[in-house]
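Chemist: just a sequence and a predicted model for now, questions to come.
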Amino acid sequence: MNTLKSYFLIIILLLSVKSFSQDQNSPWAVSLGINVISLQGDNVDANTAIGIPALGISRYIGGGFSIGGQFALNKISGNSLPQDLSYYSLDGILKYNISTSGSVNPYLFAGYGFSSFEDGVGDKKGPFPSSDVSETSIAGIGLDIDLTDKLALNISSSYRNADERKAYKHFQHVIGVSIKLGSLDSDGDGISDKNDECPDVPGLEEFAGCPDTDGDGIADKDDQCPDQPGTKDMNGCPDSDGDGVNDNIDECPNQAGSISGCPDSDGDGIADKNDECPNQAGSVETDGCPDSDGDGVVDKNDKCPNTAGSKENEGCPVVTDELTMALSEESNMVKFMPSSSKLTPSSNSVLEFFISVIDKYPNKQFLVQGHASSDGSSSYNQKLSEQRAESVKNALIEKGIDSSRLEVQGFGEDKPMASNDTSSGRKSNRRVQLSMK
């Protein structure tokens, strides 16, 4: 036996103890049991030997594989043996777990080691005397039956190919218990990875090993705002204004509101912060301001907010040539009896026309202009024309026209629209007409 090989095997076994794990959650496994040896060969007549102990240790290396070592002692007797043999074996093994998910888990294993059949003859020195020890290759199958989370019944059977001089090919069967030791705790938080929902981040037991950075009682993995204390209703985020929109997405975190967390005072669907008229309902097209007459000019900039107009005329209607001509038509003037400023029933239709014009142009001031025929003196006619204008103004005010929009003018007999030499001409000149200032 090569001594260097012997020590090399011992080093491998020691490294397997230091460097590997049994399974991902319980890294180590040690086993203790009895071993049964059955020698094989045509000329071998030996009893099946039962001995103790059978010891093993292994550590998981990933992908279902474990590496480790095993040791067994036994005493073998038989008719074909010159004397009883003191048996021991020492092996390095590679184990593959076919299954680890159930309570009954089969596995395969193979390895290399030594088998010693010491007959007590001669003076042999050292732990592996060449005359009694054979290099041995191993292949076998086993079964772990879980009794508890940490304890399992272990049964295995292997064929050991020891073919050097004074060695025997043989079966080795082991029955014992396997104890899982330790638990992997990658993040060092005292919670095994098996039970740790956040195995790579230190956490708390009450959160199954996950951290709660902001201390709000919600684990970071379930917390949308892990650095800000919040509530479960807000998925771990704060809601400073209590409007049901968490601060993380609330555009107005300190003002309760319904539009992305912002208030909408006038209820027009536009948040106050984007609403140029936050207290008056408007539309998106008008930046939240009302446009009562629908002319595209918002009320706050519209000098005629209730009358449709043009943007060029600040929301008011443009005075047309047609209107100017209509105001100069005699049929649209109030007529009077001679030397009278009293309105007649026939003037009602003209007054309604005046009102419609005044209402249509709310931004305009109007002149109520009185005239007289040439009957009587000039001073008399001047005063009469003013009285006639006042009569029309008062009638308009009674019908709802603001007095501030009306200005009275009297022209006496100075601006006739027809000849005063005829009765029909003088009748035309006894008038009040409306014009824009």
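Modeler: Perfect, I can see it now.
Chemist: what about the helices in the protein?
Modeler: Using DSSP state H, the helices found in the chain span residues 3-19, 321-327, 348-360, 378-398, 423-429.
Chemist: ok and the longest one relative to helix 348-360, angle-wise?
Modeler: Right, helix 378-398. Orientation check (axes from the mean of the first three to the mean of the last three Cα atoms, to 10 degrees): helix 378-398 against helix 348-360 gives 70 degrees.
Chemist: export helix 378-398 to CSV, keeping only CA atoms.
Modeler: Output in CSV follows, covering the C-alpha atoms of helix 378-398 (Å, rounded to 0.1, in the frame of the first residue of the first chain):
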residue,chain,number,x,y,z
SER,A,378,-85.2,127.3,-31.3
SER,A,379,-84.8,127.3,-27.5
TYR,A,380,-88.1,125.6,-27.1
ASN,A,381,-87.3,123.0,-29.6
GLN,A,382,-83.9,122.4,-27.9
LYS,A,383,-85.6,121.7,-24.6
LEU,A,384,-88.3,119.6,-26.2
SER,A,385,-85.7,117.4,-27.9
GLU,A,386,-83.9,116.8,-24.5
GLN,A,387,-87.2,115.9,-22.8
ARG,A,388,-88.0,113.5,-25.6
ALA,A,389,-84.6,111.8,-25.1
GLU,A,390,-85.1,111.6,-21.4
SER,A,391,-88.5,110.0,-21.9
VAL,A,392,-86.9,107.2,-24.0
LYS,A,393,-84.0,106.8,-21.6
ASN,A,394,-86.5,106.4,-18.6
ALA,A,395,-88.5,103.9,-20.5
LEU,A,396,-85.4,101.8,-21.3
ILE,A,397,-84.3,101.9,-17.6
GLU,A,398,-87.8,100.7,-16.6
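Chemist: what mean pLDDT does that helix have?
Modeler: Averaged across helix 378-398, pLDDT comes to 97.
Chemist: chain center to it: distance?
Modeler: 77 Å (Cα atoms, centre = their mean, to the nearest Å).
Chemist: just checking, what packs against it?
Modeler: Applying 3 or more Cβ pairs under 8 Å, 6 or more residues apart in numbering; DSSP states H and E, one finds that helix 378-398 makes contact with helix 348-360, strand 366-370, strand 406-410, strand 431-436. (Glycine included, C-beta is placed from N, CA and C.)
Chemist: now with 10 Å?
Modeler: strand 334-335, helix 348-360, strand 366-370, strand 406-410, strand 431-436 (3 or more Cβ pairs under 10 Å, 6 or more residues apart in numbering; DSSP states H and E).
Chemist: make a markdown table out of the ones you listed and add distance to residue 180 and mean neighbour count.
Modeler: Below are the helices and strands packed on helix 378-398 laid out as a markdown table (distance: least, Cβ to Cβ, whole Å; neighbours: other Cβ atoms under 10 Å):
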| stretch | distance to residue 180 | mean neighbour count |
| --- | --- | --- |
| strand 334-335 | 114 | 22 |
| helix 348-360 | 97 | 16 |
| strand 366-370 | 104 | 22 |
| strand 406-410 | 105 | 18 |
| strand 431-436 | 104 | 21 |
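Chemist: between these, which one is closest to residue 133.
Modeler: Of all these, helix 348-360 sits nearest to residue 133, with 123.2 Å by Cβ to Cβ.
Chemist: follow-up on the earlier one: now the helices and strands packed on helix 378-398 as TSV including distance to residue 294 and mean pLDDT?
Modeler: Formatted as TSV, the helices and strands packed on helix 378-398 follow (distance: least, Cβ to Cβ, whole Å; pLDDT from 0 to 100):
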stretch	distance to residue 294	mean pLDDT
strand 334-335	34	97
helix 348-360	15	95
strand 366-370	25	97
strand 406-410	28	97
strand 431-436	24	96
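Chemist: comparing the helices of the chain, which comes out most buried?
Modeler: Stretch with highest mean neighbour count among the helices of the chain: helix 378-398 (a mean of 19; mean count of other Cβ atoms under 10 Å).
Chemist: angle of that helix against strand 366-370?
Modeler: Going by the same axes, to 10 degrees, helix 378-398 makes 140 degrees with strand 366-370.
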